[in-house]
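Undergrad: compute the structure for the input listed below.
(one chain, ligands or ions: 1)
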Amino acid sequence: MRKAGGDAVLVRGVGKVFDQVSAVDGIDFAVPSGAVTALVGPTGAGKTTLLRMVLGLQRPSTGRVEVTVGHGPAAVGAVLHPRGLHPARTVRDQLSCYAPVAGVGGRRVEAVLETTGLGTLADTVVAQLNPGQQTRLALATALLADPPLLVLDDLFADADAMERGWLQEVLRGHVGRGGTVLVSAGSLADVVSAADHLVVLSEGAVVWQGTPAKLRRGHPDRLVVASSPSIALATALATRGFTDAVMRPDGRLAVAEADEATIRSIAEAASVRIGSIVADPIHPDRVLASLTKPRRHQHRLPTPSNTTFAPAPPSFGVSR
Ligand SMILES: Nc1ncnc2c1ncn2[C@@H]1O[C@H](COP(=O)(O)OP(=O)(O)OP(=O)(O)O)[C@@H](O)[C@H]1O
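TA: Got it, this is the predicted structure:
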């Protein structure tokens, strides 16, 4: 449908202050065209604030946001409140109501019902859809105009495993047709397998960004080794440069970066007996928690009448 290339959105030095409270500050990231970019972070990190600025619904207090694909329903499709659909409308009626706004007709409604997997639910009223299906319908509505850019806030909240899979498939499908996606999530596990680029936010700042593969390399799974004596294995591994081994309370050694064959060969050379070696995959949200440890409770800006500050206070399943 479209040719990918360049950046669809550029966020440069962006800050937003609400009533003396800084929501985000000094934010820099780009949303590459033809890819899924996920803004990930805990509650209050600033995801919605950033997405609203990308959509032009709020102005940055500092810095600038550039959207190169243009504005309006034909250029940008958005999902901000997936629960705000009319409960008495059927799925098809919901799409038909918005079709004129998107400048499309009934054939496009039927096509979107199919691409989003909602065809079998076309005559079901919104009130009877589960939360994940309602989110999918909100996403289908945003897709009506086949916009070059999709901006989706908290898309995976309330989605069960099956709906999460559907939603991820729809996002990958949009990118597969040359579109661009910017999606926010509170859980890394929800987006890590669907995203090409991750921007991790914490307390209004970008704390990490890169590909899921880069994140995984920085947080490798460990192998948990039962050996006798464990301390001798730890020493032998360290001698060979594998210094990141942690002794577990049960006496087993959790080893990073060395594969099973290497561990066995080092153990054999050091006359250490190996009992078992099992993988200990790190959950993505353990990684997210380690990247977004709270640093402060609040960051109220100083004013003449207010000069006191509050005190500053794990497998990824990457399929591509
Ligand atoms: N209109 C507003 N007025 C005052 N403060 C606001 C406003 N909007 C957001 N904030 C504050 O800005 C910070 C970032 O909020 P934001 O909603 O962007 O975070 P979030 O990462 O989207 O969180 P969530 O996952 O809960 O939606 C929070 O401290 C929030 O209280």
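
Undergrad: and stretch 228-246, what's buried?
TA: The neighbour-count check on stretch 228-246 (16 or more other C-beta atoms under 10 Å) flags Ser230, Leu233, Ala234, Ala236, Leu237, Phe242, Ala245 as buried. (Glycine included, C-beta is placed from N, CA and C.)

Undergrad: show me which pair in these is furthest apart.
TA: Pairwise distances across the buried residues of stretch 228-246 (C-beta to C-beta) peak at 13.7 Å, for the pair Ser230 and Phe242.

Undergrad: just give me the neighbour total for Ala75.
TA: By other C-beta atoms under 10 Å, 15 other residues sit near Ala75.

Undergrad: surely Glu268 is in a helix?
TA: Yes - residue assignment for Glu268, taken from DSSP: H, G, I helix; E, B strand; the rest coil, places it within a helix.

Undergrad: okay, it: pLDDT?
TA: Glu268 is assigned a predicted lDDT (pLDDT) of 95.

Undergrad: so who does the residue of the stretch 51-200 of the chain found nearest the ligand touch?
TA: For the stretch 51-200 of the chain and the ligand, the shortest gap (C-beta to the nearest ligand atom) falls at Gly186, measuring 5.1 Å. Listed by C-beta atoms under 8 Å, 6 or more residues apart in numbering, the contact partners of Gly186 are Val40, Gly41, Pro42, Thr43, Lys47, Asp154, Phe156, Ala157.

Undergrad: buried set for stretch 59-77?
TA: Burial within stretch 59-77, assessed by neighbour count using 16+ other C-beta under 10 Å, is assigned to Pro60, Gly63, Val65, Val67, Val69, Ala74, Val76, Gly77.

Undergrad: re earlier: roughly how far does the residue of the stretch 51-200 of the chain closest to the ligand sit from Thr292?
TA: Computed as C-beta to C-beta, to the nearest Å, the Gly186 to Thr292 distance reads 10 Å.

Undergrad: can you list contacts of the lengthiest helix in the chain?
TA: When the chain is parsed with DSSP state H, its longest helix is helix 161-176. With C-beta under 8 Å, 6+ apart as the test, helix 161-176 has contacts from 34-36, 115-117, 130-133, 135-136, 139, 143, 150, 152, 155-156, 159, 181, 183, 190-191, 193-194, 196.

Undergrad: from the residues you listed, which land in strands?
TA: Secondary structure of the contacts of helix 161-176 is defined by DSSP state E; positions in strands are Val36, Leu150, Leu152, Val181, Val183.

Undergrad: rewinding a little: which of the contacts of Gly186 sits closest to Ser271?
TA: Proximity of the contacts of Gly186 to Ser271 (C-beta to C-beta) peaks at Val40, which lies at 46.0 Å.

Undergrad: pull out the buried residues from the host helix or strand of Val101.
TA: Element membership for Val101, per DSSP states H and E: helix 91-102. Along helix 91-102, the positions that meet the burial threshold by neighbour count (16+ other C-beta under 10 Å) are Val91, Arg92, Asp93, Gln94, Leu95, Tyr98, Ala99, Ala102.

Undergrad: let's have these in JSON lines, adding pLDDT and distance to His219.
TA: Formatted as JSON lines, the buried residues of helix 91-102 follow (pLDDT from 0 to 100; distance: C-beta to C-beta, whole Å):
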{"residue": "Val91", "pLDDT": "97", "distance to His219": "40"}
{"residue": "Arg92", "pLDDT": "97", "distance to His219": "44"}
{"residue": "Asp93", "pLDDT": "96", "distance to His219": "46"}
{"residue": "Gln94", "pLDDT": "95", "distance to His219": "41"}
{"residue": "Leu95", "pLDDT": "96", "distance to His219": "41"}
{"residue": "Tyr98", "pLDDT": "93", "distance to His219": "41"}
{"residue": "Ala99", "pLDDT": "95", "distance to His219": "45"}
{"residue": "Ala102", "pLDDT": "90", "distance to His219": "41"}
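
Undergrad: great, nothing more from me.
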